[in-house]
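Participant: Sequence unavailable; structure follows:
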DNA sequence: CTTTAAAGCTAAGCCACTTAGCCAACGTTG
DNA sequence: CAACGTTGGCTAAGTGGCTTAGCTTTAAAG
């Protein structure tokens, strides 16, 4: 049998593509193996199993998302940076419906790459909030608020949870605009 | 064999209890059957299958959540109502970690009970926003924003996504306070 | 050319869900 | 009270996931 020549990276990359096509929950080792042209157990030469694959996919997706958020915000500040980053965030989730859910896995402390990617993503938000004068505990609270709002929105959108006909882009922009207002007048604790 | 005397309601109720103990994803027909003291296939006399069970669980949980949100807000208005409802929302998610995720299933149009429960939940939010003078498209946008913020927060919290030591209750209250500010000065479109 | 690490394979087992078909308990009715 | 039909329980069997064990063969390294 001729070798296909896989390695962990090719496997994880193809998993990401497949997840975007069929959905994160429908990503299966069987489908991935067939896509790569190998028998299912062969995948175990490159990833420890289904859970490890999901974790590696989380690293890939988190790193990509962090990069896009950072890139969007660079050279901007205040509401400008916030809007750009928020658009990048939702854009990633819409373009990569299978990868995005993977990013919600909490970083594995044993995987430095994962930890680094997570820190870059949170760091990007932190940097934008510094533009609003938010630091310390205030910045922590505001970061959680922003993550919650963005994640909640794209999750509900992806699930088809917004039933009414009102335009979804519009609603998102209003949400971001309202976060902008919030950050300007954040209820400071002085932390 | 003596009969256990199950019906759909007892099955779904027990599924809800079990889900809260082991987690929504870990809710399995096998575990449920053993908990109820019957063989697995016997469950099919009461629910059509795993997916239908998840749907019925969604109805139960959505109805409970809607009731708690409504109850919390009744007799209050403005920021008072918002805070009470937000606390009820997160409280439900924390007390029922297995049921809460079930509520995210989009209502089945073929199940009037499901549709009604969903409408009650959204209606409760709508009512609170009316207290801010928000109606029409503004209310739709604001509802989506509030749902996103609350859902995003409790989801991230449940996933352990808030790494830093900063107190989570505090962050939640700040989030709700910031939404209160947002709704007071909502960027109106006059829809 | 030999050796060896590793990338592929088949076989087999586990656990989840589902369907088919049987049997016994119970409520109803004469 | 007895017969009957409904229905709630059962076992058996099949599908499709994931995983492990162990073999074979490729291909690289000496």
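Facilitator: Yep, it's here. All figures in this text were calculated on a predicted structure; none of them were measured in a lab. Numbering: from 1, shown residues only, chains lettered A, B, ... in the order given.
Participant: quick one: which helix or strand includes the closest residue to residue A:134 other than its chain neighbours?
Facilitator: Nearest residue to residue A:134, sequence neighbours excluded (CB to CB, 6 or more residues apart in numbering or on different chains): residue A:142, at 5.0 Å. (Each C-beta comes from the backbone N, C-alpha and C, glycine too.) Element membership for residue A:142 (DSSP states H and E) is helix A:136-158.
Participant: Identify all contacting residues around whichever helix or strand comes after that helix.
Facilitator: As assigned by DSSP H and E, the chain's next helix or strand after helix A:136-158 is helix A:168-184. Contacts with helix A:168-184, where a contact means CB atoms under 8 Å, 6 or more residues apart in numbering or on different chains, come from A:78-79, A:82-83, A:86-87, A:90, A:129, A:132, A:134, A:142, A:145-146, A:149, A:153, A:157, A:162, B:137, B:140-142, B:144-145, B:148, B:178-179, B:181-183, B:185-187, B:189.
Participant: picking up where we left off before, check contacts around the residue nearest to residue A:134.
Facilitator: A:129, A:132, A:134, A:182, A:183, A:186, B:174, B:178.
Participant: ok, the third one to DNA strand C distance?
Facilitator: According to CB to the nearest atom of the strand, to the nearest Å, residue A:134 and DNA strand C sit 45 Å apart.
Participant: At the contact with DNA strand D, which residues of chain A appear?
Facilitator: A:1-3, A:28-31, A:40-41, A:44, A:48-51 (CB under 7 Å from any atom of the strand).
Participant: Kindly recompute the last result at 10 Å.
Facilitator: Counting by CB under 10 Å from any atom of the strand, the positions of chain A adjacent to DNA strand D are A:1-5, A:26-34, A:39-45, A:47-54.
Participant: PyMOL command to pick out the buried ones of the residues you listed?
Facilitator: In PyMOL, selecting the buried portion of those, with burial taken from 16 or more other CB atoms under 10 Å in any protein chain shown, looks like this:
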select buried, chain A and resi 27+29+31+32+33+43+47+53+54
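Participant: Contacting DNA strand C as well, which ones from the residues of chain A next to DNA strand D?
Facilitator: Contacts with DNA strand C within the residues of chain A next to DNA strand D, counted by CB under 10 Å from any atom of the strand: A:1-5, A:33-34, A:39-45.
Participant: Now that we're looking at residue A:187, what pLDDT does it have?
Facilitator: We have a pLDDT of 83 for residue A:187.
Participant: Please, where are all the helices along chain A?
Facilitator: A:8-22, A:29-36, A:50-73, A:78-95, A:99-102, A:112-130, A:136-158, A:168-184 (DSSP state H).
Participant: mind checking how far the last one is from the chain centre?
Facilitator: By that I understand helix A:168-184. Once both centres are worked out by CA atoms, centre = their mean, to the nearest Å, helix A:168-184 turns out to sit 19 Å from its chain's centre.
Participant: now it and helix A:78-95, what's the angle there?
Facilitator: Angle of helix A:168-184 versus helix A:78-95, following axes from the mean of the first three to the mean of the last three CA atoms, to 10 degrees, is 140 degrees.
Participant: Sort out which residues of helix A:168-184 are buried, please.
Facilitator: Neighbour-count burial for helix A:168-184 [16+ other CB under 10 Å]: A:168, A:171-183.
Participant: And the pLDDT for the closest residue to chain B within chain A?
Facilitator: Distances between chain A and chain B by CB to the nearest CB are smallest at residue A:152, namely 2.6 Å. In this model, residue A:152 is scored at 98, pLDDT.
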